[in-house]
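*Asks:* Give me a model of this one.
(chains A and B)
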Amino acid sequence: MSPSDNFEAAASSADAKVASFDDHEKGLVGRFHHALHTTPALVPLIVLLAAVVIFGALLGSKFFSPFALTLILQQVQIVGIVAAAQSLVILTAGIDLSVGAIAVISSVVMGQFTFRYGMPVEISILCGLAFGTAIGYVNGWLVAVMKLPPFIVTLGMWQIVLAANFLYSANETIRSQEIEDNAPLLQLLGAKVNIGGAVFTLGVIFLICLVLVLAYVLRHTAWGRHVYAVGDDPEAAELSGVDVRKTLISVYALAGLICAFAGWALIGRIGSVSPTSGQLLNIESITAVVIGGISLFGGRGSILGTFFGALIVGVFTLGLRLLGADAQWTFLLIGALIIAAVAVDQWIRKVAA
Amino acid sequence: MKRLLTSSALALTALAGTASADEVAACLITKTDTNPFFVKMREGAEAKAAELGVSLSSYAGKVDGDHETQVAAIETCIAGGAKGILLTASDTSSIVPAVEQAREAGLLVIALDTPLEPIDAADMTFATDNFLAGELIGQWAAAALGDEAANARIAMLDLAVSQPTVGVLRDQGFLQGFGIDLGDPNKWGDETDPRIVGNDITAGNEEGGRKAMENLLAKDPTINVVYTINEPAAAGAYEALKDIGRENDVLIVSVDGGCPGVDNVKDGVIGATSQQYPLLMASKGIEAIAAWAKDGTKPQATDGKDFFDTGVSLVTDNPVDGVDSIDTAKGTELCWG
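*Replies:* The predicted structure follows:
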């Protein structure tokens, strides 16, 4: 055996540090930059806390009460649930414009199956959930197998689902009182838990659990890492053995299912089944996702950020209303926040600096 | 190919020509074809058109606020040789040039439900007196409260920040009826009466109604009178009140008179609502177009108003002195949607 073939010896004498990045002393800004880069939910969390503190200082106990703070959670629950679905899709570098329409048609299916066809309410709810999942599956199939751009697919699906919703329901509302008398299960997610002045609805608890579960799944399971990989670079993911098609279809289908749950929560929140609600959910969910620091280019961001993003919008809306500001100011500020969020995102992306 | 196109174009013109020669053609253009209000309007127009032998084409925007589709519909009606157009405009001022074009082409244009800006841009407006609709529920609420009206805590649940005319008229009518000094009667939110807790917007649906009510309750939990722009918003506000256990000691008033709304009055969710009559607007509109086609007479405005008032009734099961009302049984008979 020649000395040059003595790999073991060569290996043991080699530098143990294989490949590492030089960690320059970057000072405070640099370290902050690094922290933001590794923890994308940090920016929205800081903004959220700052907003709560500022509105709390301006409004005092009116805002800083368990009632008002949990009211914000109740007001953002629907957008929050839909935004969780939107986050999954955007992490794969896609976008889903049909989320709101899926939520509404699912709620209409749950209501009409119960009241028009007299089906047991449990079955109707399952049908509604299955319906939402099916629409999501079709979206995913068109994106993954037919290779159509997600924007186009979901733009079309949005129109189709919304029109189908109006045609099927004849735009008739099922009143809260009828639901309460005949099918109270439809309003389940509106049921309240009161903890010392703080009011949580089951819908809010569902939202929080959903966010925590998704955060865990995205970080610690193979499927979750595949979602990030597909969003970051689908070709590289394919080459490393990820089934891109299957991952994409599962993401869109899961998004559809989550939206259907949002539709159920919507019945709980407004009491009635109303085909005209949820018209702006797609835009509001994208707003929450963007403010929450998820990159629209895919592969980066966290679901916790989305949750904080939705809460920021809720805090601004209620805070400004309590201050007596014209509702238009809320939209103006949210608009500014969206642009600021993307600017911060671009700054964080400059890793090499 | 070119010849084919020309001949089919000729055939189309001939078709349109014969249609307008044989019978009077009319168009109905609504904001959407999904809102039960407009569905009822179309039913009214279709029934009257069949009765008078008028051929009716219906058009609608895709969503409320879809202006372009309405302009295209007006152009289609002019090209199709219609004698008149019934229009509920999504954008009341931007639609005016298209309406002028139609009138120059000899069509009678009647605005239904929503007046144009200016109102005389259309030949006539057939509409609910929305100010009166608001005034009725305002008077009713004040009378129902009695002496307590002086200490009322009022929440105003309006339509949208853009302050569309309909919303302003109902809001200001309510305040006047309740006995509150109006600031500028052309906008809401500038009143200084301390009894008003605040204004918020609902987009006219349940979700918006609930959120707006929650916001105002966070501002002042002692609210005891709630004005709502329409009945879905009222249903949403009721949910928010039910949540804090105040659904029985707050007076909710509304405007519209849709069937679910009247049911809610019957169930005590809404105290009183002002009912309007879309079917009547449409059938009167078709009659006017038939008269115009026959001998060129134009419809006349109601005395003392700059539009034709199709009427409004207060629906409540708790009538008060000095305000005429009908009960929910009668209201259910007359309701739409």
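
*Asks:* In terms of helices and strands, where is residue 86?
*Replies:* Here I'm looking at chain A. helix A:66-91 (DSSP states H and E).

*Asks:* that answer is for a different chain, and I need it for chain B
*Replies:* According to DSSP H and E, residue B:86 maps onto strand B:84-87.

*Asks:* Sheet-wise, list the partners of that strand with their directions.
*Replies:* In the sheet, strand B:84-87 lines up against strand B:25-30 (parallel), strand B:108-112 (parallel) (DSSP bridges).

*Asks:* Contacts for that strand next, please.
*Replies:* Strand B:84-87 is contacted from outside by B:26-29, B:45, B:70, B:74, B:77, B:95, B:99, B:102, B:107-112, B:122, B:282, B:285-286, B:288-289, B:292-293, using C-beta atoms under 8 Å, 6 or more residues apart in numbering or on different chains. Yep, even glycine has a C-beta here, placed from its N, CA and C like the rest.

*Asks:* Spit out the contact partners of the residue nearest to residue B:86 when sequence neighbours are not counted.
*Replies:* Distances taken as C-beta to C-beta, 6 or more residues apart in numbering or on different chains place residue B:285 nearest to residue B:86, at 4.2 Å, with adjacent residues excluded. By C-beta under 8 Å, 6+ apart, the residues touching residue B:285 are B:28, B:45, B:86, B:110, B:112, B:126.

*Asks:* Neighbours of the fourth one, how many?
*Replies:* Read it as residue B:110. Neighbour count for residue B:110, taken as other C-beta atoms under 10 Å in any protein chain shown: 28.

*Asks:* Beta-bridge partners for it, please?
*Replies:* Here residue B:110, judged by DSSP bridges, has bridge partners residue B:86, residue B:124.

*Asks:* At which residues are the strands of chain B located?
*Replies:* Secondary structure of chain B by DSSP state E: the strands cover B:25-30, B:55-60, B:84-87, B:108-112, B:124-127, B:154-158, B:196-201, B:225-228, B:251-256, B:272-276, B:308-309, B:312-315.

*Asks:* can you check the stretch 101-250 of chain A too?
*Replies:* For the stretch 101-250 of chain A, the strands defined by DSSP state E, counting those that start in this stretch occupy A:192-195, A:198-201.

*Asks:* counting contacts, what elements does the first one pack onto?
*Replies:* Counting contacts by 3 or more C-beta pairs under 8 Å, 6 or more residues apart in numbering or on different chains; DSSP states H and E, the secondary-structure elements packed against strand A:192-195 are strand A:198-201, helix A:202-220.

*Asks:* Does residue A:318 touch residue B:216 like I think?
*Replies:* No. Assessed by C-beta atoms under 8 Å, residue A:318 is found out of contact with residue B:216, at 10.9 Å.

*Asks:* Show me the least confident stretch of the helices and strands packed on strand A:192-195, going by mean pLDDT.
*Replies:* Per-stretch mean pLDDT for those is lowest at strand A:198-201 (a mean of 88).

*Asks:* What strands line up against that one, and which way round?
*Replies:* Within its sheet, strand A:198-201 is paired with strand A:192-195 (antiparallel), according to DSSP bridges.

*Asks:* So which bits of chain B are right by chain A?
*Replies:* Contact residues (C-beta under 8 Å from any C-beta of the partner chain) of chain B with chain A: B:34-36, B:39, B:63, B:161, B:189, B:198, B:200-201, B:203, B:205-207, B:210-211, B:214-216, B:218-219, B:232, B:235-236, B:238-239, B:242-243, B:260, B:263-264, B:267, B:269, B:337.

*Asks:* what about residue A:346, how many neighbours?
*Replies:* Residue A:346, neighbours per other C-beta under 10 Å, totals 9.

*Asks:* Quick check on it: phi, psi?
*Replies:* Note on residue A:346: backbone dihedrals following degrees, to the nearest 10 are phi -60, psi -40.

*Asks:* Relative to chain B, how far out is it?
*Replies:* Residue A:346 sits 31 Å away from chain B, going by C-beta to the nearest C-beta, to the nearest Å.

*Asks:* And residue A:285, by the same measure?
*Replies:* Residue A:285 sits at a distance of 14 Å from chain B (criterion: C-beta to the nearest C-beta).

*Asks:* pLDDT value on that residue, please?
*Replies:* Note on residue A:285: pLDDT of 95.

*Asks:* which residues does it contact?
*Replies:* A:79, A:82, A:83, A:85, A:86, A:99, A:100.

*Asks:* for the chain, what are the low-confidence residue spans?
*Replies:* Picked chain A for this. Along chain A, the parts satisfying pLDDT under 70 run over A:1-26, A:351-353.

*Asks:* that answer is for a different chain, and I need it for chain B
*Replies:* B:1-22, B:337.

*Asks:* at 50 what do you get?
*Replies:* Residues of chain B meeting the criterion pLDDT under 50: B:1, B:10-21.

*Asks:* Straight-line length of stretch A:110-121, end to end?
*Replies:* 8 Å (C-alpha to C-alpha, to the nearest Å).

*Asks:* Report the distance from it to the chain centre.
*Replies:* Its chain's C-alpha centre and that of stretch A:110-121 lie 29 Å apart, by C-alpha atoms, centre = their mean, to the nearest Å.

*Asks:* Buried by neighbour count: which residues of that stretch qualify?
*Replies:* The neighbour-count check on stretch A:110-121 (16 or more other C-beta atoms under 10 Å in any protein chain shown) flags A:110, A:111, A:112, A:113, A:114, A:115, A:119, A:121 as buried.

*Asks:* Now, of the residues of chain B next to chain A, which are buried?
*Replies:* Among these, the ones that count as buried by 16+ other C-beta under 10 Å are B:34-36, B:39, B:189, B:198, B:200-201, B:203, B:205-207, B:210-211, B:214-216, B:218-219, B:232, B:235-236, B:238-239, B:242-243, B:260, B:263-264, B:269, B:337.

*Asks:* still on that earlier bit, reformat the helices and strands packed on strand A:192-195 as a markdown table; add mean neighbour count.
*Replies:* Compiled in a markdown table, the helices and strands packed on strand A:192-195 are given as follows (neighbours: other C-beta atoms under 10 Å in any protein chain shown):
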| stretch | mean neighbour count |
| --- | --- |
| strand A:198-201 | 18 |
| helix A:202-220 | 18 |
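
*Asks:* List the residues that contact residue 230.
*Replies:* Looking at chain A here, since you left the chain open. A:92, A:93, A:237, A:242, A:244, A:247, A:248, A:298, A:299.

*Asks:* The chain in question should be chain B.
*Replies:* Residue B:230 neighbours (C-beta under 8 Å, 6+ apart): B:204, B:254, B:255, B:256, B:258, B:261.

*Asks:* Among those residues, find me the one that's closest to residue A:104.
*Replies:* Set against residue A:104, the nearest of the contacts of residue B:230 by C-beta to C-beta is residue B:204 (15.8 Å).

*Asks:* now residue B:259: how far from residue B:208?
*Replies:* Distance, residue B:259 to residue B:208, by C-beta to C-beta, to the nearest Å: 21 Å.

*Asks:* any idea how far the residue nearest to the spatial centre of chain A is from residue A:315?
*Replies:* Closest to where the C-alpha atoms of chain A average out (C-alpha atoms, centre = their mean) is residue A:84, at 1.9 Å. Distance check for residue A:84 against residue A:315: by C-beta to C-beta, it reads 18 Å.

*Asks:* these two touch, right, residue B:183 and residue B:196?
*Replies:* No. Judged on C-beta under 8 Å, residue B:183 makes no contact with residue B:196 at a distance of 11.0 Å.
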